[in-house]
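[1] would you be able to build a 3D model of this:
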Amino acid sequence: MRSRPDHPEILGQADEVVVVAEEYTIPDYLKAAKKVVYWEVEDPKGKDQAGTDEIREIIAGHVRNLIDELDEKKKSADGRSC
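    Prediction:
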């Protein structure tokens, strides 16, 4: 199942929106949104287990980096940056 917002209004509820898809499949309102982050990740289709594990680790790294970035933004917004 794909996780894709059906309405542009949902963007207001997000800190950032991560897109892992070909650009032609993305709705226009997402293409124009400032909150959109594009992750270029190889499609695991047809990969063996090792290839799939490698892609999963790449995505996990992106997620960890995003969490760190969002935490830093929150700290800065709260006036608690170091």
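[2] going forward, measure contacts and count neighbours with C-alpha atoms only.
    Noted.
[3] measure how far the helix or strand of the chain with the lowest mean pLDDT is from the centre of its chain, please.
    Here the helix or strand of the chain ranked lowest by mean pLDDT, DSSP states H and E is helix 28-32, holding a mean of 85. The chain centre lies 14 Å from the centre of helix 28-32; the measure is CA atoms, centre = their mean, to the nearest Å.
[4] the strands in the protein, which residues?
    Assigned by DSSP state E, the strands in the chain fall at 17-19, 36-38.
[5] and those strands, which is most packed in?
    Mean neighbour count (mean count of other CA atoms under 10 Å) peaks for strand 17-19 among those, with a mean of 17.
[6] helices and strands around that strand, which ones?
    With contacts taken as 3 or more CA pairs under 8 Å, 6 or more residues apart in numbering; DSSP states H and E, strand 17-19 sits against strand 36-38.
[7] which residues touch the strand it packs on?
    For strand 36-38, the external contacting residues (CA atoms under 8 Å, 6 or more residues apart in numbering) are 16-20, 30.
[8] please convert the strands of the chain to CSV, extending it with distance to residue 66 and mean pLDDT.
    Putting these into CSV (distance: least, CA to CA, whole Å; pLDDT from 0 to 100) gives the following:
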stretch, distance to residue 66, mean pLDDT
strand 17-19, 9, 89
strand 36-38, 10, 88
